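Undergrad: my questions concern the predicted model and sequence given below.
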Amino acid sequence: MDVRYNHGTNVHVLRACTHDDACDLLAIGGDHSVDVLFLTGSTLQHLASFNVGARITALAWSSRTTSPSFTDNWFIELTAAGADFGLHLLTKSSSDGEEIFPFGGGLSGHHGKVNDMAFCGGQGQDSTRYVATVSDDKMLMVWDLQPKLDIPSSLPSPIRSPATSATPSPATRPQPTAYVIALPHPLTSISSHPATSKEFLVSDCRGSIFLVDWRSDPDEGDRTSWRNSSVIEFVEPHSLSSSAVGLSPPWSGSVAWRRDTVDIIGAVYGSKFSIWDISNLRGGKPFAVGNSFSEGGSTFRWCPTYPEYFAIATQSPIKGAVIHIHNTSYIHSQPTVFNLRPRPHLVRDFDFLALPEIPRIAAAVGQTVIIFPIGVDS
């Protein structure tokens, strides 16, 4: 049974929480706010609203988050990026209201659209302390949310919004600091893995994917060299050759890490999807390539509960709001197609829920969030 939720403004970004204690939570980013929804049975309940005052371009969940279904002392923590390039740490608990802590503005932050963000992987404290952002400005920034030094910020103090109870965090909190890695081209997506806190997967707009060990120190003699922080570079040959002659769509590319293993990664570039096996590098080339949307795929997601499945969507309205489901066991078979709405609707973003039993997808179509299963009970 499908579940639908009308947000009231266009939903630009959508992220499901994959942490075990909060896998029934969903964050959506609209024209000026972030809303957290709580899935109970066949309904979506509103749990929190953060008015950040700008269109949301990226979201990421912290592993500190716990759901009301898990504990009475639930807690929400996530980060958001706005179209004004500003970043925000958003928190709410069962006993306190919404709090918004802005950071990364002015000269210290990005100077282009923030396309994606992800908290550090692993299972320790670092998974809540560090969050990474990628942007059109070609910068990967890893932010320390709990710095030992307090560096003053030029950001103005946030004002309580009349439309929400959200309040700024205490002024005594130190401003996060950033470790900056410059890459050659605009960056489109980033992914972390629960098995490692050292690496991020980063995709650029031309067909390259970088496995970045952000903790490695660059050589003292060449601090500007991005290759000193890059462990492995993967390439999608079709997209790389198309971009070289100006045929690839601008700012395309989406990469994701398969949750059950650090060795398998997947991405979509243009009309092709690709799968790489890190344990068998093959010169950085994928071991499997398949056809996707002819008009170009925009988002690639692995299913966290049934990891052999992955899904791809396009932001082109030519065929309407459509999502393709693939199975790695039958990599060259035709995908299962889910038509959510006819054209001119499109899928702006989507994500797999990490709930047990039948895999479900949450998709943002216009002002509506649609949650649907990709199978049926046997």
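TA: Right, received. Where do you want to start?

Undergrad: which residues in the stretch 201-350 of the chain form helices?
TA: Taking DSSP state H, counting those that start in this stretch, the helices of the stretch 201-350 of the chain run over residues 237-244.

Undergrad: in it, where is pLDDT below threshold?
TA: The stretch 201-350 of the chain contains residues with pLDDT under 70 at 217-230, 238-251.

Undergrad: ok, the nearest residue to residue 371 once chain neighbours are set aside - contacts?
TA: Among residues not flanking residue 371 along the chain, residue 3 sits closest, at 4.1 Å (CB to CB, 6 or more residues apart in numbering). All C-beta atoms are positioned from the backbone trio N, CA, C, and that covers glycine. Residues near residue 3 by CB atoms under 8 Å, 6 or more residues apart in numbering: 39, 42, 43, 44, 370, 371, 372.

Undergrad: okay, residue 3: pLDDT?
TA: As predicted, residue 3 sits at a pLDDT of 96.

Undergrad: then residue 167?
TA: Note for residue 167: predicted pLDDT of 57.

Undergrad: can you check residue 60 too?
TA: Listed pLDDT for residue 60 reads 98.

Undergrad: I'd guessed it sits against residue 79; true?
TA: Yes: Residue 60 is within contact range of residue 79, at 5.0 Å (criterion: CB atoms under 8 Å).

Undergrad: what is in contact with these two at once?
TA: Shared contacts of residue 60 and residue 79, defined by CB under 8 Å, 6+ apart, comprise 117, 119, 131.

Undergrad: what sits against the second one?
TA: In this case it means residue 119. Counting by CB under 8 Å, 6+ apart, residue 119 makes contact with 60, 61, 62, 63, 79, 127, 128, 130, 131, 132, 192.

Undergrad: of those residues, which is the nearest to residue 315?
TA: Checking the contacts of residue 119 against residue 315 with CB to CB, the nearest one is residue 60 at 20.2 Å.

Undergrad: any idea which element that closest one lies in?
TA: strand 56-61 (DSSP states H and E).

Undergrad: other residues contacting that strand?
TA: Applying CB under 8 Å, 6+ apart, the set of residues contacting strand 56-61 is 12-15, 17-19, 22, 25, 27, 29-30, 33-34, 77-83, 113-119, 131, 133.

Undergrad: for that strand, what is the distance to the chain centroid?
TA: Averaging C-alpha positions (CA atoms, centre = their mean, to the nearest Å) puts strand 56-61 6 Å from its chain's average.

Undergrad: so what strands line up beside that strand?
TA: Next to strand 56-61 in the sheet, as set by DSSP bridges, lie strand 75-82 (antiparallel).

Undergrad: following the strand it pairs with, which helix or strand shows up next?
TA: strand 87-93.

Undergrad: mind listing what's buried along that following strand?
TA: Using 16 or more other CB atoms under 10 Å as the test for burial, strand 87-93 gives 87, 88, 89, 90, 91, 92.

Undergrad: next one: the closest residue to the first one other than its chain neighbours from residue 199, what distance?
TA: Residue nearest to residue 87 in three dimensions, not counting chain neighbours: residue 104, with 3.7 Å by CB to CB, 6+ apart. With distances defined as CB to CB, to the nearest Å, the gap from residue 104 to residue 199 amounts to 22 Å.

Undergrad: average pLDDT for stretch 133-151?
TA: The average pLDDT within stretch 133-151 is 90.

Undergrad: buried residues in that stretch?
TA: Using 16+ other CB under 10 Å as the test for burial, stretch 133-151 gives 133-145.

Undergrad: next, count neighbours for the residue nearest to residue 83 when sequence neighbours are not counted.
TA: Excluding its sequence neighbours, the residue lying closest to residue 83 (CB to CB, 6+ apart) is residue 55, at 4.1 Å. A count of nearby residues for residue 55, using other CB atoms under 10 Å, gives 18.

Undergrad: before we move on, what about residue 36?
TA: Residue 36 has 24 neighbours, counted by other CB under 10 Å.

Undergrad: residue contacts, it?
TA: 25, 26, 27, 46, 47, 48, 49, 76, 78, 92.

Undergrad: biggest separation within the contacts of residue 3, which pair?
TA: Using CB to CB, the pair of the contacts of residue 3 lying farthest apart is 43 and 372, separated by 14.4 Å.

Undergrad: circling back: nearest to residue 344, of the buried residues of stretch 133-151?
TA: Set against residue 344, the nearest of the buried residues of stretch 133-151 by CB to CB is residue 136 (25.8 Å).

Undergrad: can you pull the contacts of the closest one?
TA: 112, 113, 115, 186, 187, 251.

Undergrad: how far off centre is stretch 68-77?
TA: Offset of stretch 68-77 from its chain centre (CA atoms, centre = their mean): 22 Å.

Undergrad: restricting to C-alpha, output it in PDB.
TA: In PDB, the C-alpha atoms belonging to stretch 68-77 read as follows (Å, rounded to 0.1, in the frame of the first residue of the first chain):
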ATOM      1  CA  PRO A  68      10.100   7.600  19.000                       C
ATOM      2  CA  SER A  69       9.400   4.000  18.100                       C
ATOM      3  CA  PHE A  70      12.700   3.000  19.700                       C
ATOM      4  CA  THR A  71      12.800   5.100  22.800                       C
ATOM      5  CA  ASP A  72      10.700   7.700  24.700                       C
ATOM      6  CA  ASN A  73      13.900   9.800  24.900                       C
ATOM      7  CA  TRP A  74      14.200  10.200  21.100                       C
ATOM      8  CA  PHE A  75      16.600  12.600  19.500                       C
ATOM      9  CA  ILE A  76      17.000  14.000  16.000                       C
ATOM     10  CA  GLU A  77      20.200  15.300  14.500                       C
END
